[in-house]
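Asks: from the sequence below, what's the structure:
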Amino acid sequence: MTMEAHTLGLVEAARAIRDGRLDGAAYRAALVERIRRIDPEIRAFTCIADPGDAATTAGPLAGIPVAVKDIFATSGLPTTNGSPIYADRIPDADAWVVERLRSLGATVIGKTVTTEFAWRHPGPTRNPWNTAHTPGGSSSGSAAAVAAGLAPLALGSQTFGSVIRPAAFCGVVGLKPSYGAIPRTGVHALAPSLDHVGVFTRSVGDAAFALYLLAAVSDTDPHGRPLPGFTLDGGLAPLPAPRLAFVKTSLWDAADDSQKALTEAAAARFRDAGGTVEAFALPDSFAGMWEAGRIILACEASAIFAPLAERHPDLVSAVLKELIAEGAAIAAPAYVDALRLQTRLRRELATVLDGFDAILTLPAAGAAPEGLAYTGNPAFCVPWTFLGTPAVNLPAGLHDGLPLGIQLVGRYRDDLRLLRVAAWCEEILDHRTAPSLAAGP
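Replies: Predicted coordinates for the structure are as follows:
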């Protein structure tokens, strides 16, 4: 190959294959070889697909290998959900989004590590920037794979902070689209009122391209809603001089000084570049988002996993059993009230943000914690998952050799505007670095 496979972004690789400057089979083979060489140290993948299984299909993603989180059903490949209960399971059919990727010409390069059922019991994946640190969770392997140059696109999911936080910890772009933007059929549920399908890429343009191709509705997912006016004709145009609401939330003081300083510095750079960044406090009516989100998650997860824990008590982690018990103890009126609050605040946010293009806020408390037992605090992401609004992590700097990011949040179903804002912010930050593991051939 004349191109370094691991350095190519999604759009760059797709164009090179389309124009005949890059052979798709050779590109995939180069990435598989890289996975076999590097992944024993990172442990991002649970399995790698046989290169001979990749069928050549025309389409905008022809020749593109995609890493898929191991709660997404994949025909012909194990889908374990991060649990020994499903260690030997090979589904007969793909998840909707996997089938969609294949129809567009993409191939599944392998399955990536997830925490158990996308909750908090961690897997073995290590952060490519420093393997003594967590990559975050629950989409641990997908974030690490993109950061280490093992795939240009990876699928993840977010119920609390499982796309944005690992993206921040691993120094990649993570996109959690609006709730319902990508059908979740064939993705193991954790809490259906909160579950989102998301993507990891190396640039905002790549994330936008992925969403442009994957956004849809399906009769099999009752929560789906089409994104209005989503088109990328001519590419993703940055929104010049956006107006940003700098929202610190009640968790600001709980963040590390390094994270707070980086976010303040990013805000200053945006102002210097002609953007507007104004301190903004959400109304008091939004204060209950964290509690309501936890109620919804615990109740729905309890209903889903209690029967499984009863059948396999020795194969379910203590943290999942605790969540099941927590949900079982919540009264039905509290759950209904939490759902009503979710619906009401999702509508209200559009009015509250009148005059702003997006929110600037924290994606996490700071850099990735040391050790693999704890994947980090998702609380900084919970409000925006609860509301179902689109959110993006942008890599913005380093602290002690570990990535830090910023989070941008848009109005519900206004994903295109958020991505245009993020593209402008990405240009201003101009932060393009990779871990040492991803720097070599």
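Asks: when you work out contacts or count neighbours from here on, use the C-alpha atoms and nothing else.
Replies: Will do.
Asks: what about stretch 197-207, distance to the chain center?
Replies: Relative to the mean C-alpha coordinate of its chain, stretch 197-207 is positioned 8 Å out (C-alpha atoms, centre = their mean, to the nearest Å).
Asks: do me a favour and get the end-to-end distance for it?
Replies: With C-alpha to C-alpha, to the nearest Å as the measure, stretch 197-207 spans 13 Å from end to end.
Asks: tell me the confidence at the closest residue to residue 43 other than its chain neighbours?
Replies: Of all residues not flanking residue 43 in the chain, residue 125 sits nearest, at 4.7 Å (C-alpha to C-alpha, 6 or more residues apart in numbering). We have a pLDDT of 98 for residue 125.
Asks: quick check on residue 125: phi, psi?
Replies: phi -60, psi 140 (degrees, to the nearest 10).
Asks: what is the neighbour count of residue 9?
Replies: 19 (other C-alpha atoms under 10 Å).
Asks: isn't it up against residue 205?
Replies: No - under the criterion of C-alpha atoms under 8 Å, residue 9 is not in contact with residue 205, lying 9.3 Å apart.
Asks: longest helix in this protein, please.
Replies: For the chain, the longest helix by residue count, based on DSSP state H, is helix 289-311.
Asks: which other helices and strands does the helix or strand just after that one contact?
Replies: Once helix 289-311 ends, the next helix or strand along the chain (criterion: DSSP states H and E) is helix 318-328. With contacts taken as 3 or more C-alpha pairs under 8 Å, 6 or more residues apart in numbering; DSSP states H and E, helix 318-328 sits against helix 289-311.
Asks: output the contacting helices and strands for the helix it packs on.
Replies: For helix 289-311, the helices and strands in contact under the criterion 3+ C-alpha pairs under 8 Å, 6+ apart are helix 318-328, helix 332-352, helix 382-387.
Asks: mind checking the pLDDT average for it?
Replies: 98.
Asks: show me the contacts for the spatially most central residue of the chain.
Replies: Most central in the chain under C-alpha atoms, centre = their mean is residue 163, positioned 2.5 Å from the mean C-alpha point. Residues in contact with residue 163 (C-alpha atoms under 8 Å, 6 or more residues apart in numbering) are 137, 138, 139, 143, 156, 157, 174, 175, 176, 198, 199, 200.
Asks: change it to 6 Å
Replies: residue 174 (C-alpha atoms under 6 Å, 6 or more residues apart in numbering).
Asks: now do residue 178
Replies: 388, 389, 390, 412, 413.
Asks: need the three-state assignment for the residue lying closest to the first one once chain neighbours are set aside.
Replies: Ranked by C-alpha to C-alpha, 6+ apart and with sequence neighbours excluded, the top spatial neighbour of residue 388 is residue 179, at 4.5 Å. In three-state terms, and counting by DSSP: H, G, I helix; E, B strand; the rest coil, residue 179 is coil.
Asks: what about residue 179, how many residues nearby?
Replies: So residue 179, with other C-alpha under 10 Å, has 26 neighbours.
Asks: one more: residue 318?
Replies: The number of residues packed near residue 318 is 13, by other C-alpha under 10 Å.
Asks: what does residue 269 give?
Replies: A count of nearby residues for residue 269, using other C-alpha under 10 Å, gives 16.
Asks: how confident is the prediction for it, by pLDDT?
Replies: On pLDDT, residue 269 comes in at 98.
Asks: and what of residue 266?
Replies: Taking residue 266 on its own, its pLDDT is 98.
Asks: make sure it is indeed in a helix.
Replies: Yes - judged by three-state DSSP, residue 266 forms part of a helix.
Asks: ends of stretch 391-411, what's the gap?
Replies: The first-to-last residue distance of stretch 391-411 comes to 9 Å (C-alpha to C-alpha).
Asks: also stretch 311-320?
Replies: 14 Å.
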